[in-house]
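Participant: Sharing a model prediction with you, sequence too.
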Amino acid sequence: MEEREVGETIQVPYDLFTKELDLVRNLLSIIRLKEDRESVRSIRPLASLRDEIGPLRSRIKDFTDRVYDAVLPLMLAYSVACLEQFLRTAWEDRFGEPKKSMRHLFSQPKPLALKLRNNLGQKEVVSTAFKANAVAMKRHVLLHRNGVVDKDALAVFMEAGIKDVREGDRLSLSVQDVEDAVDTVQRFAHEVRDVLLAAS
């Protein structure tokens, strides 16, 4: 088997991770159709033309609404899953197989950042850990709490500076929310990669 430098072993999964996030970004640009449709809604065609295309327009609206509502949570969840895979691979490349008790860390960026800090003996490791942790918590709320913010989620959101949500609120997503989440997980992964490369 060909030996690779430590930097290569971290860079390869990072490059794969960024390609997967590019897929999410491309899908988000398609999903933006719903928001674009609503922004030009005030432009109305002539009455006779509107009567002819009305049924088709209605079906397109219903379809885009359903796609929008279904796909945004899945894109956020996929982005977090890609981050988890990158973090696990980067950890294994640097520290070896994680203990069973540590496997939950890859889905929780803040505790993982603290563990990295302790293992590498540094003061601060990753500045985006709180925001990335909030993105992971959004995924958790959407998949395991039926979209309803509980006390634990609220604490994570507050820690990340998200103050426009309360306990019991239903989490809603826009294309911009998911784009921001993708950017956050990518910045977090980038910082983790850089820290691991610097410690090599």
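Facilitator: Received the coordinates, thanks. Numbers count the residues shown, from 1 in each chain.
Participant: CA only for contacts and neighbour counts going forward, please
Facilitator: Fine.
Participant: which parts of the strand or helix carrying residue 137 are buried?
Facilitator: Assigned by DSSP states H and E, residue 137 belongs to helix 129-144. Using 16 or more other Cα atoms under 10 Å as the test for burial, helix 129-144 gives 129-142.
Participant: swap in stretch 61-72?
Facilitator: For stretch 61-72, by 16+ other Cα under 10 Å, it's 61, 64, 68, 72.
Participant: who's in contact with residue 10?
Facilitator: For residue 10, the contacting residues are 89, 90, 93, 193, 196, 197, by Cα atoms under 8 Å, 6 or more residues apart in numbering.
Participant: Please tabulate those in CSV and include secondary structure as additional columns.
Facilitator: What follows is those, written out as CSV (DSSP: H, G, I helix; E, B strand; the rest coil):
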residue, secondary structure
89, helix
90, helix
93, helix
193, helix
196, helix
197, helix
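Participant: nearest to residue 28, of the residues you listed?
Facilitator: Nearest to residue 28 among the contacts of residue 10: residue 193, at 25.4 Å, using Cα to Cα.
Participant: tally of neighbours for that closest one?
Facilitator: By other Cα atoms under 10 Å, 22 other residues sit near residue 193.
Participant: cool, residue 122 as well?
Facilitator: If we define neighbours as other Cα under 10 Å, then residue 122 has 12 of them.
Participant: mind checking the SS state of it?
Facilitator: Residue 122 is classified as coil under three-state DSSP.
Participant: So it versus residue 148, what's the distance?
Facilitator: From residue 122 over to residue 148 the distance is 36 Å, taken as Cα to Cα, to the nearest Å.
Participant: for residue 154, same thing?
Facilitator: Counting by Cα to Cα, the gap from residue 154 to residue 148 is 10 Å.
Participant: any common contacting residues for these two?
Facilitator: Common neighbours of residue 154 and residue 148 (Cα under 8 Å, 6+ apart) are residue 167.
Participant: roughly how far out does stretch 103-121 sit from the chain middle?
Facilitator: 18 Å (Cα atoms, centre = their mean, to the nearest Å).
Participant: Now it: buried residues?
Facilitator: Quick answer for stretch 103-121 (16+ other Cα under 10 Å): 105, 106, 107, 108, 109, 110, 111, 112, 113, 114, 116, 117.
Participant: before we move on, what about stretch 83-99?
Facilitator: Buried, per 16+ other Cα under 10 Å, within stretch 83-99: 83, 84, 85, 86, 87, 88, 89, 90, 91, 93, 94.
Participant: Make TSV from the residues you listed and add distance to residue 26, secondary structure and pLDDT to it.
Facilitator: Listed next are the buried residues of stretch 83-99 as TSV, based on distance: Cα to Cα, whole Å; DSSP: H, G, I helix; E, B strand; the rest coil; pLDDT from 0 to 100:
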residue	distance to residue 26	secondary structure	pLDDT
83	17	helix	97
84	21	helix	96
85	20	helix	95
86	20	helix	95
87	23	helix	94
88	25	helix	93
89	25	helix	93
90	25	helix	91
91	28	helix	90
93	30	helix	88
94	31	helix	86
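Participant: Closest to residue 14 out of those residues?
Facilitator: For the buried residues of stretch 83-99, the nearest to residue 14 is residue 86 (6.3 Å; Cα to Cα).
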